[in-house]
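>>> Give me a model of this one.
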Amino acid sequence: MSAIEFVNAAGGFERLSRAHDGETFSGGVVGLGALGVITRVTLAIQPAYMMRQHVYENMPLAELTEHFDAIQASGYSVSLFWDWQGSRIDAVWIKSRLDAAQPFDAPARFHGATRAVKNLHPIAGLAAEHCTEQLGAVGPWHERLPHFRMGFMPSAGRELQSEYFVPRRNAIDAILAVETLKEEIGPHLLVSEIRAIAADDLWMSPACGQDSIAIHFTWKPDLDAVSRLMPRIERALAPYRARPHWGKLFTVAPVTLRSLYPKLPAFVALAKQYDPHGKFRNAFLNEHIFTT
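Numbering: from 1, shown residues only. As a prediction, the model looks like this:
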């Protein structure tokens, strides 16, 4: 993103751009609704490119822990799908660009996993027709980077989600910490996805200032059960200062949450600049962001 436009609390139009507003732009992009109503965004784009994706099944957990960086570096985007049961990662989705310096050559075996011979859905038992083409079929980026095809049901359709960002340097320790809870997680989970996310400079982004690994949970739609599980997971990830996804479920205490964002005081000041009387605040913002 290179610019955003929004309506401030006084009804005026504001524009922030990376080129002209520097730090203020970095503070405003992940604004959590506190600065105003976004009316337009300007995206930074690059030339279109072609991709393909391959899926591998049943990667031994030991291979993941010993070769995590190499596995993540094998493609332009790599997702690990797992139900936390057993000692094998259920599926590794490797999305690669054809113009990469070293294109992925899709061997029959990859770190102990076997290349799939049919299209698969991340959630076992669901129809792969909802998913973008696999098996190395070449296609444009917008038909390969998403897991699910436009116009088809994404994921399970009816579900709950939570996700936590931890520094990439702590990836294996964090994954193994969650794995100790597998017996409690298993009955309520549809699937987990683990993926790498590059650092950014956006003040309130969970990836601000650090290359991260996101550990995502797609839960069965049982809010009571998920609400009981999240504190257990959050305690397991606490040593790694895990930042929850703002748009998904979490129970991290507000005082802890605020401690995870070094730029939060500057963000609060920025929000008060555009909304001095708190017109855009709500219960969530007051509890988690603003101390008064």
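>>> so where's the stretch 151-292 of the chain uncertain?
Where the stretch 151-292 of the chain drops to pLDDT under 70, the residues are 292.
>>> What are the boundaries of the helices in it?
For the stretch 151-292 of the chain, helices defined by DSSP state H, counting those that start in this stretch occupy the ranges 171-179, 182-185, 223-237, 254-259, 264-274, 283-288.
>>> is it true that residue 152 touches residue 132?
No: if you go by C-beta atoms under 8 Å, residue 152 and residue 132 don't touch, sitting 9.3 Å apart. C-beta here means a position set from N, CA and C on the backbone, and glycine is covered the same way.
>>> Look at these two and report which has more neighbours.
residue 132 (22 against 11; other C-beta atoms under 10 Å).
>>> Correct me if wrong: that one contacts residue 148.
Yes: with contacts counted by C-beta under 8 Å, residue 132 reaches residue 148, the gap being 6.7 Å.
>>> residues touching the residue nearest to the spatial centre of the chain, list them.
Central residue of the chain (C-alpha atoms, centre = their mean): residue 214, 5.1 Å from the mean position. Counting by C-beta atoms under 8 Å, 6 or more residues apart in numbering, residue 214 touches 163, 164, 165, 193, 194, 195, 196, 197, 206, 245.
>>> And it, how far from residue 25?
Spatial separation of residue 214 from residue 25 under the definition C-beta to C-beta, to the nearest Å is 24 Å.
>>> circling back to that earlier point, what's across from the residue nearest to the centre of the chain in the sheet?
residue 165, residue 195 (DSSP bridges).
>>> picking up where we left off before, mind putting the helices of the stretch 151-292 of the chain in TSV, mean neighbour count and distance to residue 42 included?
TSV is the format used below for those (neighbours: other C-beta atoms under 10 Å; distance: least, C-beta to C-beta, whole Å):
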stretch	mean neighbour count	distance to residue 42
helix 171-179	18	33
helix 182-185	14	41
helix 223-237	16	35
helix 254-259	13	30
helix 264-274	17	19
helix 283-288	13	25
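>>> now the ones you listed as JSON lines including distance to residue 30?
What follows is the helices of the stretch 151-292 of the chain, written out as JSON lines (distance: least, C-beta to C-beta, whole Å):
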{"stretch": "helix 171-179", "distance to residue 30": "22"}
{"stretch": "helix 182-185", "distance to residue 30": "28"}
{"stretch": "helix 223-237", "distance to residue 30": "21"}
{"stretch": "helix 254-259", "distance to residue 30": "14"}
{"stretch": "helix 264-274", "distance to residue 30": "9"}
{"stretch": "helix 283-288", "distance to residue 30": "13"}
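>>> closest one to residue 6 among those?
helix 264-274 (8.0 Å; C-beta to C-beta).
>>> Quick one: residues in contact with the closest one.
Helix 264-274 has contacts (C-beta under 8 Å, 6+ apart) with 6, 8-9, 14, 23-24, 27-28, 31, 34-36, 203-204, 258, 261, 280, 289-290.
>>> CA-only coordinates of it in CSV, if you can.
The C-alpha coordinates for helix 264-274 follow below in CSV (Å, rounded to 0.1, in the frame of the first residue of the first chain):
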residue,chain,number,x,y,z
LEU,A,264,1.3,2.2,20.6
PRO,A,265,1.7,5.5,22.5
ALA,A,266,2.5,7.2,19.2
PHE,A,267,-0.5,5.5,17.6
VAL,A,268,-2.8,6.7,20.4
ALA,A,269,-1.5,10.3,19.9
LEU,A,270,-2.1,10.0,16.2
ALA,A,271,-5.7,8.7,16.7
LYS,A,272,-6.4,11.6,19.0
GLN,A,273,-5.1,14.0,16.4
TYR,A,274,-7.7,12.9,13.9
